[in-house]
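Student: Any chance you can model this:
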Amino acid sequence: MTEPALRLLEPFTLGDIELPNRIVMAPMTRRRAAQGKVPTPLVAQHYAQRAGAGLIVSESIEVDPWSGLEAPTRPGLFTDAQQAGWAEATRAVHAAGGRIFAQLSHMGRAAHPSQLQPGGRLVGPSAIAATGTVYTPAGPVPYETPEALTVAEIAEIVGQYAEAARRAKAAGFDGVELHGANGYLIDQFLRDGSNRREDAYGGSATGRVRFLLEVFTAVSGYWPSQRIGIRFSPTNGFQGMSDSDPATHFGVFAELLTPLRPAYLHVVEPPLQPAGVPYVASAVRSAFDGPLILAGQYDRDSAEGALTAGRADLVAFGEKFIANPDLPERFRQNAALTPADKATYYTSGPEGYTDYPALAG
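Tutor: This is a model prediction of the structure:
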């Protein structure tokens, strides 16, 4: 008996972009940038190998010129050299038939003072430190307490996002994703565990989303809204993140974003939440009438189930794309997946990055 066609492999129209399938390569920090946070030809090769995805979302790209320029670290998009490196990557992806969005990010309190340029400051919405440790050239160290941003400093950072968006277009990306997840600056503003401000950028959900809305508006000066996606992680506790009522609050965020017509909302939440943890994606789905991407520990079957049930329009895969550059074809054939070597996630060079083979033949 012939196996039914996979919804995962059906085309999807994302704004004005035709995707050949509904499989998204999720953003994954791999720390392969060279000195000056410049992506290298190896980075271009890595993304080109995975161009069979319906859409690639790049690793997190720094918008903050005060972020340190030491390597190995996350790449940036605030210098000409960085822009040129990303232009090489987008050309490689397009030559291989793919589409790629740049994920724009600011670390906020998730950085460490030792990582910043001289004169740079550790900042966040409120003077509340993240929990755990942060990776530095000297190894993992505890997070430090940030300084609460002033309104003028918030406006300056909004401008940094806009400048990175301008450079992303010049570098040949197909769109941008605003990183509002995993404990970075936009997420720090969104969730009430990290945002205790009493001005217009804090308080209720409508206040806490203001920073994101201002970033979106600034970025839309260079990109149409249908080329701007947004990523959320409503219940991810990474870096000490928390929220008192994520289902309600992220439903409000989604409702307020709907009139702006973003390309998509991208929600990081596993298909099965631990006991006692609310399932927020359904609230986002109800409040937002645009495309929804789900991500978080999905496999072929659970992703197919989410699409078939109408819980999502696309599904993003992270770790599975590390070791399986031809993941859509493996899903097509229901072939075995190669396990990823976690020891090489944040090392340098091609090992564990560009040396995973595609299916034979």
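
Student: Can you say which helix or strand has residue 266 in it?
Tutor: strand 264-268 (DSSP states H and E).

Student: Just the residues contacting that strand, thanks.
Tutor: Residues outside strand 264-268 that contact it (C-beta atoms under 8 Å, 6 or more residues apart in numbering): 14, 24, 57, 177, 181-182, 229-234, 236, 254, 257, 280-281, 284, 288, 290-296, 313-314, 316. C-beta here means a position set from N, CA and C on the backbone, and glycine is covered the same way.

Student: Equivalent analysis for stretch 39-50, please.
Tutor: Stretch 39-50 has contacts (C-beta under 8 Å, 6+ apart) with 25, 30, 32-34, 56, 58, 75, 82, 85-86, 88-89, 91-93, 95-96, 98, 100, 321, 325, 327, 349-350, 353-354, 358.

Student: now the strands for the stretch 101-250 of the chain?
Tutor: For the stretch 101-250 of the chain, strands defined by DSSP state E, counting those that start in this stretch occupy the ranges 123-124, 133-136, 139-142, 147-148, 175-180, 228-232.

Student: So for residue 109, which of these sits nearest?
Tutor: strand 123-124 (3.5 Å; C-beta to C-beta).

Student: still on that earlier bit, mind listing what's buried along the strand holding residue 266?
Tutor: 264-268 (16 or more other C-beta atoms under 10 Å).

Student: With respect to the strands of the stretch 101-250 of the chain, which exhibits the lowest mean confidence?
Tutor: With a mean of 85, strand 133-136 has the lowest mean pLDDT of those.

Student: got the residue ranges for the helices in this protein?
Tutor: Counting by DSSP state H, the chain has helices at residues 41-49, 80-95, 151-170, 185-190, 205-208, 210-219, 246-257, 281-287, 300-308, 319-323, 327-333.

Student: Please work out which of those helices is packed deepest.
Tutor: With neighbours taken as mean count of other C-beta atoms under 10 Å, these reach their highest mean count in helix 185-190, at a mean of 28.

Student: how about it as PDB, C-alpha atoms only?
Tutor: Listed next in PDB are the C-alpha coordinates belonging to helix 185-190 (Å, rounded to 0.1, in the frame of the first residue of the first chain):
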ATOM      1  CA  LEU A 185      16.100  41.200  25.000                       C
ATOM      2  CA  ILE A 186      12.600  41.200  23.300                       C
ATOM      3  CA  ASP A 187      11.700  38.200  25.400                       C
ATOM      4  CA  GLN A 188      13.000  40.000  28.500                       C
ATOM      5  CA  PHE A 189      10.500  42.800  27.800                       C
ATOM      6  CA  LEU A 190       7.600  40.400  27.100                       C
END
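
Student: And for that helix, what's in contact with it?
Tutor: By C-beta under 8 Å, 6+ apart, the list of residues contacting helix 185-190 reads 105-110, 124-125, 157, 178-181, 194-195, 201, 208-212, 215, 232-233, 241, 243, 249-250, 253.

Student: on that earlier part again, present the strands of the stretch 101-250 of the chain as TSV; the columns should include distance to residue 333.
Tutor: Below are the strands of the stretch 101-250 of the chain laid out as TSV (distance: least, C-beta to C-beta, whole Å):
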stretch	distance to residue 333
strand 123-124	46
strand 133-136	37
strand 139-142	40
strand 147-148	53
strand 175-180	29
strand 228-232	29
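
Student: Please compute how far the strand holding residue 266 lies from its chain's middle.
Tutor: Chain-centre distance of strand 264-268: 9 Å, with C-alpha atoms, centre = their mean, to the nearest Å.

Student: Each with direction, which strands does that strand pair with?
Tutor: Paired strands of strand 264-268, with direction, are strand 228-232 (parallel), strand 292-295 (parallel) (DSSP bridges).

Student: Out of the ones you listed, which one sits most buried?
Tutor: When those are compared using mean count of other C-beta under 10 Å, strand 228-232 is most buried, at a mean of 27.

Student: Just list what the lowest-mean-pLDDT helix or strand in the chain packs against, helices and strands only.
Tutor: In the chain, no helix or strand scores lower on mean pLDDT, DSSP states H and E than strand 133-136, which sits at a mean of 85. In this structure, strand 133-136 makes packing contacts with strand 139-142, judged by 3 or more C-beta pairs under 8 Å, 6 or more residues apart in numbering; DSSP states H and E.

Student: what's the closest of the helices of the chain to residue 340?
Tutor: Judged by C-beta to C-beta, the one of those that comes nearest to residue 340 is helix 319-323, at 3.9 Å.

Student: Same question for stretch 63-83: list its buried residues.
Tutor: Residues of stretch 63-83 classed as buried: 63-64, 66-69, 71-78, 82-83 (neighbour count, 16+ other C-beta under 10 Å).

Student: Please compute how far that stretch lies from its chain's middle.
Tutor: Worked out by C-alpha atoms, centre = their mean, stretch 63-83 lies 17 Å from the chain centre.

Student: I'd like to know the average pLDDT value across that stretch.
Tutor: The pLDDT scores in stretch 63-83 average 90.

Student: same deal with stretch 337-346?
Tutor: Here stretch 337-346 scores 96 as its mean pLDDT.

Student: Check stretch 201-218 too.
Tutor: Computed over stretch 201-218, the mean pLDDT rounds to 98.

Student: before we move on, the earlier item: just give me the closest of the buried residues of stretch 63-83 to residue 168.
Tutor: The closest of these, once distances to residue 168 are taken by C-beta to C-beta, is residue 77, at 6.2 Å.

Student: residues contacting that closest one?
Tutor: Residues in contact with residue 77 (C-beta under 8 Å, 6+ apart) are 61-63, 83, 86, 102, 104, 164, 167-168, 171.
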